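K.L.:
Let's see this in three dimensions:
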Amino acid sequence: MQHRTPVLVLITALLCLVGCSPSGPTPAPEGLVITNPTAERPYFHEFGNLPYGALPRHTFRVANREGRPVTIQDIQSVCWCTQPSAVVVAADGTRSAPSRDGKGLVLPVDGQLELTVTIDTKLVEKMNIDKLALVRLRSDSTLTPYISFELHLVVKRPFRSVPAELDLGRIGHSSGKSGRVDCSVEVKGDPSRLIKIERVEGPFEASMQETTIAGETVWIVSATAPAGLPRGPIRGKVVLAATAPQGHDQPAPWEVPVVGTVVDDVVALPPVLNFGLTAQGSATTIVTDLVSSAQGASFRVLRHSVEGLPSADITVQWTPQSPDADGRADRWRAQVQATARDTGTRGLATGVLVVETDHPLQQLVRIELSVASP
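P.N.:
Numbering: from 1, shown residues only. Purely as a prediction, here's the structure:
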């Protein structure tokens, strides 16, 4: 054994010389490396249980250890509820502008990519079950050209509304409009309950009534846009207070969005008739509907006239849609025909089709017309 001692000493000395070298061995390239893992799999993040409406976000930090600049080709989410945003941070701390898709971002040597993933839980398709959101990154890295990031969550939603949004549609200016949604628990047997209207946002009035349908408790939520609101889109929500028995998770207030658009009590759809380029003697026909925006209000079209538009003859054929015994209907279809005539002028001519009705809230409707002469 003694004759081996010098050899062991020599080997030990050589190893010490290598280990104490000022530069040391060059580390092998690793490609793109996630430097802030939160789980055993560095590309995975656990959000856990989240309430409906939450906007959780997590940032993956990806270092470039390839030994050369790496170009990001694209970053894509698999689900529309998931929104990625990427920022390149250079070694000196310089930050790029955020990018949704990452296309063209260049990750310098020793730089980092901060990939922030935000999930809108209101857009997750299925509630109260496991959801795995995926974001995929492609680059020109030779070692790690593809990375899939995974984020797990369960969106906890105790209630549902049918429909999900109370859309009042067109709301007559002079009449207002009401609508309803039915709310119930998301999972049968859930002891959560809606107890009252906590508040109403927007220009609406609301009420809630509890009933039983097919053995299940249903809360009927009604909302009304009152008469006289300014014309234009309106939106708001009805916020309902909720509770659950002791020992169960207390649910957050449940929200029912309410939207609509305040319009005239009788509207033309479409409201503008553009006959386009019409040669002399030729005719063009456009169909438009005259519709009552007031709930339950039917009417008759009495007569019509044309103001202006000397370059065309206008004829209109009116047909009630599903009329009652008196010939009244809440929708009238008009076939409007424009026949061009020679007036010696060229270009665009405009006019107005004036329609007189016996609607209880609005008797006159004006529909804009235009014809172009070649």
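
K.L.:
Strands of the stretch 51-200 of the chain, start to end?
P.N.:
Counting by DSSP state E, counting those that start in this stretch, residue ranges of the strands within the stretch 51-200 of the chain are 57-65, 70-77, 82-89, 106-107, 112-119, 130-139, 146-156, 159-162, 166-172, 177-185, 193-201.

K.L.:
per-residue confidence for residue 257?
P.N.:
Residue 257 is assigned a pLDDT of 96 by the prediction.

K.L.:
same question, residue 21
P.N.:
Looking at residue 21, its pLDDT stands at 46.

K.L.:
Can you give me the separation between the closest residue to residue 89 other than its chain neighbours and residue 320?
P.N.:
Distance criterion CB to CB, 6 or more residues apart in numbering; nearest residue to residue 89, sequence neighbours excluded, is residue 112 at 4.6 Å. Where you see a C-beta, it was placed from the backbone N, CA and C, and this is true even at glycine. As defined by CB to CB, to the nearest Å, residue 112 lies at a distance of 68 Å from residue 320.

K.L.:
Between those two, which is the more surrounded one?
P.N.:
Comparing residue 112 with residue 320 by other CB atoms under 10 Å, the one with more neighbours is residue 112, at 22 against 18.

K.L.:
what pairs with that one across the strands?
P.N.:
residue 63, residue 89 (DSSP bridges).

K.L.:
again with residue 336
P.N.:
residue 286, residue 316.

K.L.:
Count the neighbours of residue 336 for me.
P.N.:
22.

K.L.:
same check, this time on residue 212
P.N.:
For residue 212, the tally of surrounding residues (other CB under 10 Å) stands at 8.

K.L.:
do residue 275 as well
P.N.:
For residue 275, the tally of surrounding residues (other CB under 10 Å) stands at 22.

K.L.:
just residue 135 next, same as before
P.N.:
Residue 135 has 22 neighbours, counted by other CB under 10 Å.

K.L.:
quick thing: my sequence starts at 498, can you match it?
P.N.:
Renumbered: residue one is now 498, and that last one reads residue 632.

K.L.:
For it, report the pLDDT, please.
P.N.:
The predicted structure lists residue 632 with a pLDDT of 97.

K.L.:
show me what contacts it?
P.N.:
The contact partners of residue 632, taken as CB atoms under 8 Å, 6 or more residues apart in numbering, are 572-575, 579, 581, 612, 614, 645-646, 648.

K.L.:
now swap in residue 661 and tell me
P.N.:
If a contact means CB under 8 Å, 6+ apart, then residue 661 has 678, 754 as its contacts.

K.L.:
how near is it to residue 639?
P.N.:
Shown here: residue 661 relative to residue 639, a distance of 47 Å by CB to CB.

K.L.:
again, but for residue 853
P.N.:
From residue 853 across to residue 639, the span is 77 Å (CB to CB).

K.L.:
can you check residue 862 too?
P.N.:
Here the distance between residue 862 and residue 639 works out to 69 Å (CB to CB).
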